[in-house]
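Asks: Fold the following.
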Amino acid sequence: MDLKSLLASYKQRTEQQLQALLAPTSIDPILQQAMHYALLNGGKRIRPTLVYLVNQLLDGDLEKADPAACALEAIHSYSLVHDDLPAMDDDALRRGKPTCHIQYDEATAILAGDALQTLAFELVSQPDYPLPASIKLQMVHKLALAAGDKGMVAGQSFDVRHEGQMLNLEQLQQMHRHKTGALLSVAIELGALSAEHTDNSTLHALRQYGEAIGLAFQVKDDILDIEGDTETLGKPQGSDLAANKPTYPALLGLAGAKQKLEQLRQDAHQALDCFGPDAAALRALADYIAMRNH
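Replies: Residues are numbered from 1 along each chain as shown. Below is the predicted model of the structure:
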């Protein structure tokens, strides 16, 4: 199956799983509606796709990857809801639609994000998840590290506090290793764990791949903020530039950012050499991340 078909297949699988997750009844149905809106408001589903691709590379069972894939998307969706809030990026559009706090209200958006975050840990720790307890505990631990003050939240905090400031390349890369890369890297870890695979040499190669595509994803986002358009991006074009955010084009120039992106794409390919042709889909995913238009 080619990458386009794989992406469509795994996106459909993820969204079918997500549709079934939310409680059909609640004392506050608006909260459930806001969670549903945030989870199913479009998106490429790159993170769950990574979980599935690594699971299959390591001869895993897709059904055992489902809770991990959905947990990761719940964390990602919560982070977007909170990032869009007036106290953070103050964005009105996400994926071409009103952001959660615009569609509902600020308090509902905060609570929906909170609930999506806890849902993630509920999914990977549920008693009927058919994995050993030790594997599930590792999933909880790795997801918490990637999402919290050692990962995504630290990156977002650093970003907020350095708006309008010039960063050096190492600072910028460290910020994005945390803010964007942490969840992409943990997708690889969760995919391996869902296949009950814990071999260190295999995981080391996959982590190198994850680090490369994590940075590549952000470099491409920064380039698209300049070269993309609002309709295709699904968010205001030039919003990072308008906010005077530190970006790769601001630091390296647009041509330099494109060179950086190509180097990261090559690094991702090289990290997978030990897997031979079995890793063709992961290589294609690295190409897709570097060449996408939104």
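
Asks: Could you list the low-pLDDT ranges of the protein?
Replies: 1, 228-244 (pLDDT under 70).

Asks: Need the phi and psi values for S79.
Replies: Here is the backbone geometry of S79 (degrees, to the nearest 10): phi -60, psi -40.

Asks: meant to ask about Y129, not that
Replies: phi -70, psi 120.

Asks: Verify the stated contact: it with V140.
Replies: No - under the criterion of Cβ atoms under 8 Å, Y129 makes no contact with V140, lying 10.9 Å away. (Glycine included, C-beta is placed from N, CA and C.)

Asks: Output the longest helix belonging to this structure.
Replies: helix 200-227 (DSSP state H).

Asks: so how far is it from its chain's centroid?
Replies: 11 Å (Cα atoms, centre = their mean, to the nearest Å).

Asks: and it, what does it pack onto?
Replies: helix 46-57, helix 169-179, helix 181-194, helix 239-242, helix 248-271, helix 280-291 (3 or more Cβ pairs under 8 Å, 6 or more residues apart in numbering; DSSP states H and E).

Asks: what about L57, neighbour count?
Replies: Neighbours of L57 under the rule other Cβ atoms under 10 Å: 22.

Asks: Next, the contact list for it, please.
Replies: G191, F275, D278, A279, A281, L282 (Cβ atoms under 8 Å, 6 or more residues apart in numbering).

Asks: Distance check, the third one against L39.
Replies: The spacing between D278 and L39, counted by Cβ to Cβ, to the nearest Å, is 31 Å.

Asks: that older thread, any of the contacts of L57 buried? List them.
Replies: When the contacts of L57 are checked for burial by 16 or more other Cβ atoms under 10 Å, the buried set is G191, F275, A279, A281, L282.

Asks: Report the two of these separated the most.
Replies: G191 and F275 (13.2 Å; Cβ to Cβ).

Asks: follow-up on the earlier one: can you put the helices and strands packed on helix 200-227 in TSV and add distance to Y104?
Replies: Below are these laid out as TSV (distance: least, Cβ to Cβ, whole Å):
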stretch	distance to Y104
helix 46-57	24
helix 169-179	25
helix 181-194	24
helix 239-242	21
helix 248-271	33
helix 280-291	31
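
Asks: Out of the contacts of L57, the closest to K11 would be?
Replies: A281 (14.1 Å).

Asks: Can you verify my assumption that that closest one contacts Y52?
Replies: No - the criterion here is Cβ under 8 Å, and A281 misses it with Y52 at 9.5 Å.

Asks: show me what contacts L254?
Replies: I223, I226, E227.

Asks: quick one: which of those residues is most hemmed in?
Replies: I223 (19 neighbours).
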